[in-house]
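>>> pasting the sequence and the predicted model now:
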Amino acid sequence: VDWQRSGDYSDIIYETAEGIAKITINRPHRHNAFRPQTLFELQEAFNVARDDSDVGVIILTGAGEQAFCSGGDQKIRGEDGYLGGDDDAAARQGIGRLNVLDLQVQIRRLPKPVVCMVAGYAIGGGHVLHVCCDLTIAADNARFGQTGPKVGSFDGGYGSWLLAQTVGLKKAREIWYLCRQYSAEEAREMGLVNTVVPLERLEEETVTWAREMLEKSPLALRMVKGAINAVSDGAAGMQQFAGDATMLYYMSDEAQEGRDAFKEKRSPEFDRFPRRP
Ligand code: 1HA
């Protein structure tokens, strides 16, 4: 794949090719642990991918073969969250952030499939990110797990109940209470990942899945993602799904008649539209 790099980022890499955007967390010296700056950049990159109408599928991954992401960078964890980088006013005042939560919501609400491509560790907050992605393709060296109760943290949001929805309640409790690590094969058996491939074939396989999705109707994929998430996102999920219904309605002659009548200062002629059974 002929990836074309763009954007000016320090902690991530943004690339596109063939309708696919690839977003790579690039802090391999910390097993791709994230700091606030990393998350600001990820949010920016996901926005770019969302707005780019040539992009149909997004891959989220980590640099190198050792780790997808090891969660929050514990070395810059302050008293109330994570600190850094240099141009973050809150960090300069010693105020921490938990802004990975914003990224989780963004991935869930993004109306295009997001595929997590995992080599090595998906641990802690990095594990939660993979749980939030639509699909996960794992290399055979991948290791999955939560560490919160070991390092003084927990994710009671998507990290808990979306995980429980994915692997079942008993398994989700085991993952959080014992903080064990699970192999790629164990993860596949519990429905936590979609497939496992040899490390050297990881990107090839992920791109194959992306290409298959790119052949499908973008609107159908958008609606299915929204529908699946609506059930677990409650009112926020319904709000997004309702927004998609509005978008489709705007695209109809019936809705456009309402707009046109207003602009032309006349009564709308809705009689020409059927009252469907
Ligand atoms: O729970 C949340 C949140 C909840 C709610 C709202 C927001 C949240 C935001 C974040 C999080 C969290 O992510 S909490 C969980 C944080 N992460 C961890 O507890 C994982 C810590 N890392 C490890 O347990 C291990 O490094 C490892 C199992 C992933 C790999 O072990 P291994 O192969 O023995 O490598 P190791 O030598 O430990 O790591 C390589 C280098 O990467 C080390 O650098 P060195 O100290 O030798 O210079 C190591 O310190 C560094 N590193 C790895 N993970 C992290 C890290 N440095 C900072 N933070 C890390 N997370």
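Noted; the coordinates are in hand.
>>> centroid residue for this protein?
Centroid check for the chain by Cα atoms, centre = their mean gives residue 107 as the closest residue, at 3.1 Å.
>>> surely residue 132 meets residue 158?
Yes: at 5.3 Å, residue 132 counts as touching residue 158 under the criterion of Cβ atoms under 8 Å. Yep, even glycine has a C-beta here, placed from its N, CA and C like the rest.
>>> one step back: so the residue nearest to the centre of the chain sits against residue 133, correct?
Yes: using Cβ under 8 Å, residue 107 and residue 133 qualify as a contacting pair, with a distance of 6.2 Å.
>>> quickly list what's touching both of these two.
Both residue 107 and residue 133 are contacted by 60, 114, under the criterion Cβ atoms under 8 Å, 6 or more residues apart in numbering.
>>> which helices and strands sit right next to whatever helix or strand residue 233 lives in?
For residue 233, the host element (DSSP states H and E) is helix 218-250. Contact partners of helix 218-250 among helices and strands, from 3 or more Cβ pairs under 8 Å, 6 or more residues apart in numbering; DSSP states H and E: helix 100-109.
>>> is the ligand contacted by the helix it packs on?
Yes: contact between helix 100-109 and the ligand is present through 100-101 (criterion: Cβ under 6 Å from any ligand atom).
>>> quick check, distance from that helix to the centre of its chain.
6 Å (Cα atoms, centre = their mean, to the nearest Å).
>>> can I assume residue 49 sits in a strand?
No: according to DSSP: H, G, I helix; E, B strand; the rest coil, residue 49 belongs to no strand; its state is helix.
>>> just give the closest residue to it, not the sequence neighbours.
Setting aside the residues directly before and after it, residue 49 is nearest to residue 21 in space (Cβ to Cβ, 6 or more residues apart in numbering), at 3.9 Å.
>>> hey, what's that neighbour bridged with?
Judged by DSSP bridges, the bridge partners of residue 21 are residue 16, residue 58.
>>> pretty sure it sits against residue 59.
Yes: judged on Cβ under 8 Å, residue 21 makes contact with residue 59 at a distance of 7.1 Å.
>>> quick check: mean pLDDT across stretch 236-246?
Mean pLDDT, taken over the full extent of stretch 236-246, equals 96.
>>> so which residues of the stretch 1-150 of the chain form helices?
All helices of the stretch 1-150 of the chain, identified by DSSP state H, counting those that start in this stretch, fall at 36-51, 89-92, 100-109, 125-132, 148-151.
>>> name the residues of the second one that are buried.
Buried positions in helix 89-92, judged by neighbour count with 16 or more other Cβ atoms under 10 Å: residue 91.
>>> show me the contact partners of that helix.
Under the contact criterion Cβ under 8 Å, 6+ apart, helix 89-92 has outside partners 36, 83-85, 96-97.
>>> which ones are touching residue 273?
Taking Cβ under 8 Å, 6+ apart, we find residue 273 in contact with 253-254, 257.
>>> let's see which of these end up in strands.
Restricting the contacts of residue 273 to those inside strands, with DSSP state E as the criterion, leaves an empty set.
>>> quick check: of these, which lies closest to the ligand?
Distance ranking of those against the ligand, using Cβ to the nearest ligand atom, places residue 254 first at 44.3 Å.
>>> wait, doesn't the closest one sit right on residue 270?
Yes: when contacts are counted by Cβ under 8 Å, residue 254 is listed as touching residue 270 (6.7 Å).
>>> buried set for the helix holding residue 233?
Of the residues in helix 218-250, 218, 221-223, 225-226, 229-230, 233, 237, 240-241, 244 count as buried by neighbour count, 16+ other Cβ under 10 Å.
>>> closest one of these to the ligand?
Where the buried residues of helix 218-250 are concerned, and distances follow Cβ to the nearest ligand atom, the ligand has its nearest neighbour in residue 233, at 17.5 Å.
>>> quick one, the helix holding residue 233 and helix 125-132 angle?
Relative orientation of helix 218-250 with respect to helix 125-132: 70 degrees, computed using axes from the mean of the first three to the mean of the last three Cα atoms, to 10 degrees.
>>> now the angle from helix 218-250 to helix 100-109?
90 degrees.
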